[in-house]
Each structure stands twice: as structure tokens, then as C-alpha cells.
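Peer 1: The sequence and its predicted three-dimensional model are supplied below.
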Amino acid sequence: MFKAIIPIFFIQAAFLLIKAEPTLEDIPSLPYCPDKNGSGLVLVSTLDGNLSAVNSTGSLIWQIQTGPGPLLTSNIHKLELTNNGEWIRIIPSLTGTLYKFDGSTIDPIPITAESLLKSSFRYSDDLVIAGGIEVRTYGVGFRSGKLIYECTSVKCSNTDSQNVDDMLLIERTTHTIRAVEPNTGSERWNFSVGLHNIKLPRISCIDGHTKLFDWNLTAVLPEGKLKASTILNNIEHSWQYTFTSPIVRIWRWSGKNLTEVNLFAPNNIPNLIISSSYLPSIYIGMHNRQLYIHESTIMQDILHGQANNDLAVTESTSITKIPWKPISASSKVTEDDSTALSVLNLSEYANDNGYYLYTEADLRKKDKLLCDTNSSILGAINENEAMDDIVGYYSIVFVVESNFFL
């Protein structure tokens with residue numbers, strides 16, 4: 001009996017070993033790696049609610065429309081309010097913070113979309129607040145731009161369960177506020193603002209031999225212009241792509257990492273003539289006669305650190321002051337007084353334009369830094385008695401012009 005079992009055992013073991021060998025169909029295919037020359041991407045969020053991908057040669061490869069609509073829909077800026085006898089405008093930021101502008105300063109007020117929703121009945125007896133904060137998440141093929149799924153507060157819908165592309169996550173946050181007359185239900189004013197955030201959880205293929213896309217990226221926000229440039233062999237190479245809507249945020253995929261481009265950094269602002277370690281705090285734009293503010297991360301940190309939702313609407317305390325010393329974000333260079341009046345009057349003169357502004361504290365620091373720099377320049381001129389007069393003249397002119405743009 002024992003001798004009969006042994007050969008059967010070996011036959012079964014051999015059968016199992018043969019069956020365990022993988023076939024060609026069982027071997028997974030290698031992940032697709034893009035062309036080495038086209039591994040970089042620039043992801044751009046625009047005010048119309050689109051998120052677009054432009055490759056490293058400047059061609060649009062895909063575009064996704066996010067809901068519920070544009071990142072800005074507002075009429076609160078049309079309110080004609082007075083503060084101590086002066087006309088002011090209320091301007092929403094894309095994060096939901098409200099600002100007041102009187103022609104000389106832009107000040108954030110301690111009221112946000114979130115605080116309005118939480119404390120509607122505490123602000124006024126003749127005003128009711130309705131609205132909400134909505135977050136939508138999209139799963140998009142990173143290289144194909146194909147919409148894989150969309151999740152809202154109502155449901156999640158999957159359009160392609162067999163996706164093999166790397167997944168890019170897009171988060172769209174929208175704040176919507178409507179002020180209503182309590183007796184009639186008539187709407188007095190409204191604003192809806194939003195922002196995109198993106199995340200790339202994993203990437204299936206990174207070619208270690210691919211040259212990283214590290215070109216300098218600049219943007220003319222109100223004109224929707226994106227420019228990439230680099231110097232190779234002492235020759236400048238560049239390309240430009242123009243969107244049909246103002247630019248809000250930009251991210252760069254270098255071929256290895258996904259990082260956001262700081263649109264408030266001096267080297268990313270084409271018209272910022274004065275290079276400085278102090279960055280603009282806000283960007284104010286007007287699109288389709290709608291005013292809006294986009295805050296730098298530094299400004300957002302200031303607001304988060306000093307936020308106090310229990311303050312009343314009528315309180316005049318300002319979180320921080322931002323003097324009207326604008327730096328034009330487009331090719332239109334205008335005077336301070338004329339732009340202030342244009343913004344206050346919502347004129348066509350300021351429509352589809354934008355401006356960078358510094359806080360009062362940073363302006364003082366910039367002035368001191370410039371004065372110290374000017375003193376060093378003038379001191380060097382005085383020490384060099386052999387310097388040609390014409391050289392001294394041009395140096396002084398440069399100093400004067402630098403002060404002018406502050």
C-alpha cells in the first residue's frame with residue numbers, strides 16, 4: 001500500500017509545480033512612460049472654473065470644467081455703502097473673506113462667508129443669510145485628462161472603472177452667500193467664490209534619465225497669459241499660452257514632483273520692476289465688471305491667525321491695512337488715483353485688469369530697504385571721484401524711478 005502511494009504523490013507534486021509557472025498573460029505590462037521631451041506639465045486654474053494642462057512645449061493637452069460654475073459670480077461689489085461719509089466697496093476674496101475699499105486702503109473685515117452662514121440672525125434684523133460651502137472632488141486621468149469620477153454632496157458617479165492612468169485629484173471648494181429681505185424674500189446681494197486644489201497621490205512611472213522641466217513660469221493673471229522661459233547655451237527659449245479667462249493658480253509637474261508656483265514671487269510677476277524679498281499680499285482684479293481679491297499664502301496666514309468670527313459687522317477695527325499703492329499686473333500702467341476711482345466706480349477703465357498690493361507694514365520695510373540701498377549707491381558714487389558724470393546721472397535717475405514705482 002505504501003509503495004503505491006509514493007508515485008502518485010510525486011505525480012501530483014510535479015503537476016502542481018508545472019501549473020504554478022506563470023504564462024505570458026500573467027505577466028503585467030510595464031507602465032507607460034511618456035516621451036522624455038514631453039514629461040513636464042503645467043496645470044492652470046482659471047476664473048471660469050476650468051483646470052487645464054499644458055505640456056512642456058506649450059500645447060494644451062486637456063481641460064476639465066468643474067462645477068457648479070465659474071470661480072466668481074458676484075454682485076456684492078455693486079453695493080454703495082458709506083463709512084464716516086466716504087463711499088466704500090465690499091469686495092469678496094476667492095477664499096470667502098470680505099474686504100472694504102475706500103479709494104485709499106483695502107482692509108479685510110472680520111466677516112467671512114463661513115461666519116455669515118453661522119451667525120445670520122446676529123448681524124441685522126432686516127437681513128437673512130442663505131447659502132453654503134460646497135466641496136466637489138474629481139478624479140481625472142493625469143496624462144489623458146479623462147474624467148474618471150465626480151463626488152458631490154449628493155452622490156459620487158464613476159464614468160470609467162477600468163482606468164489605468166495615474167489619478168489626479170481635483171478639489172473644488174465653493175462659498176455661496178445670498179442676502180435676503182426677510183419679509184419678501186427678495187435678494188439684496190450675493191457672491192459665490194471658489195478655489196481649486198490638486199493632489200497627485202502616486203505616479204506609476206518616473207524616468208530617472210528624463211531632464212526635469214524647471215523652466216521659469218510667469219503669468220499675467222488678468223490677461224490669462226502663461227509664459228515659460230529658460231536659458232540654454234546662452235540662448236533664451238520660451239513659449240506662451242493664453243487662456244480665455246484670468247489665471248488664478250498654477251502648478252508645475254517637473255517630471256518628478258508636483259509643486260505650486262508662487263504667483264506672488266517677484267520672479268513670477270512680469271511687470272514687477274522692483275525685486276524685493278517682500279512679496280505682495282493680495283491681488284485685486286476686475287473681470288466682467290466683478291471685483292475679486294486673490295490672497296497670497298502669507299495674507300491667508302495673517303487672516304487665519306487673527307480671525308474672530310464674534311466681531312460685529314459695524315466694528316471698524318481692521319485686521320491689517322493695505323494702502324492703495326498698486327503695481328499693475330498687465331501691460332496697462334496707470335496712475336494710483338485714476339485706478340482707485342475706476343475701481344470704486346466699476347468703470348470699463350479697470351475692467352479685465354488687476355493689481356498687486358502690499359500691506360502697510362511691508363511697504364515700510366520696503367521703503368527702508370530701498371533707502372539703505374540708495375545710500376550705499378550714493379556713497380559709492382561719492383567715494384569714486386574719477387567716475388564719469390554721465391554714469392552718475394544715470395545712477396540717480398534709476399534711484400528716482402525706483403521710488404516712483406513704490
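Peer 2: That came in fine, so what should we check first?

Peer 1: Which positions within stretch 239-257 qualify as buried?
Peer 2: Neighbour-count burial for stretch 239-257 flags 241, 243, 245-255 (criterion: 16 or more other Cβ atoms under 10 Å). C-beta coordinates here come from the backbone N, C-alpha and C atoms, glycine included.

Peer 1: and of these, the nearest to residue 102?
Peer 2: Of all the buried residues of stretch 239-257, residue 246 has the smallest distance to residue 102: 24.5 Å, by Cβ to Cβ.

Peer 1: on contacts alone, who are the packing partners of whichever strand or helix holds residue 149?
Peer 2: Residue 149 belongs to strand 147-151 when assigned by DSSP states H and E. Where contact means 3 or more Cβ pairs under 8 Å, 6 or more residues apart in numbering; DSSP states H and E, strand 147-151 is packed against strand 128-141, strand 156-158.

Peer 1: Kindly reformat the ones you listed as TSV containing mean neighbour count and mean pLDDT.
Peer 2: Formatted as TSV, the helices and strands packed on strand 147-151 follow (neighbours: other Cβ atoms under 10 Å; pLDDT from 0 to 100):
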stretch	mean neighbour count	mean pLDDT
strand 128-141	17	95
strand 156-158	11	92
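
Peer 1: Ok, which of those strands comes nearest residue 226?
Peer 2: Closest to residue 226 of those, according to Cβ to Cβ: strand 128-141, at 19.4 Å.

Peer 1: what angle sits between that closest one and strand 147-151?
Peer 2: Angle of strand 128-141 versus strand 147-151, following axes from the mean of the first three to the mean of the last three Cα atoms, to 10 degrees, is 150 degrees.

Peer 1: Now do strand 128-141: which elements does it pack against?
Peer 2: Packing partners of strand 128-141 (3+ Cβ pairs under 8 Å, 6+ apart): helix 113-118, helix 120-123, strand 147-151, strand 167-180.

Peer 1: Past whichever strand or helix holds residue 259, which element shows up next along the chain?
Peer 2: Counting by DSSP H and E, the element that carries residue 259 is strand 258-260. Next in sequence after strand 258-260, counting helices and strands by DSSP H and E, comes strand 282-287.

Peer 1: List the contacts of that following strand.
Peer 2: Strand 282-287 is contacted from outside by 47, 72, 91, 93, 106, 221-222, 245-246, 263-264, 291-296, 299, 322, 326, 329, 343, 346, 350-357, using Cβ atoms under 8 Å, 6 or more residues apart in numbering.

Peer 1: And the buried ones among these, selectable in PyMOL?
Peer 2: Buried residues among the contacts of strand 282-287 (16+ other Cβ under 10 Å), as a PyMOL selection:
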select buried, resi 47+72+91+93+106+221+222+245+246+263+264+291+292+293+294+295+296+299+322+326+329+343+346+350+351+352+353+354+355+356+357
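
Peer 1: Helices - which of the contacts of strand 282-287 land there?
Peer 2: Among the contacts of strand 282-287, the members found in helices (DSSP state H) are 299, 343.

Peer 1: Strands - which of the contacts of strand 282-287 land there?
Peer 2: Per DSSP state E, strands hold the following members of these: 72, 91, 106, 291-295, 322, 353-357.

Peer 1: Return the member of the buried residues of stretch 239-257 nearest to residue 194.
Peer 2: Residue 194 has its nearest neighbour among the buried residues of stretch 239-257 in residue 248, at 9.2 Å by Cβ to Cβ.

Peer 1: Contact partners for the closest one?
Peer 2: 45-47, 71, 94, 195-196, 221, 294.

Peer 1: ok, residue 303 to residue 322 distance?
Peer 2: Using Cβ to Cβ, to the nearest Å, residue 303 is found at 12 Å from residue 322.

Peer 1: So residue 196 is in contact with residue 170, correct?
Peer 2: Yes. Applying Cβ atoms under 8 Å, one finds residue 196 in contact with residue 170, separated by 6.2 Å.

Peer 1: which residues are common contacts for the two?
Peer 2: The contact sets of residue 196 and residue 170 overlap at 51, 66 (Cβ under 8 Å, 6+ apart).

Peer 1: dump the residue contacts of the nearest residue to residue 170 once chain neighbours are set aside.
Peer 2: If the residues on either side of it in the chain are set aside, residue 170 comes closest to residue 138, at 4.2 Å by Cβ to Cβ, 6 or more residues apart in numbering. Residues in contact with residue 138 (Cβ under 8 Å, 6+ apart) are 64, 66, 147, 149-151, 169-172.
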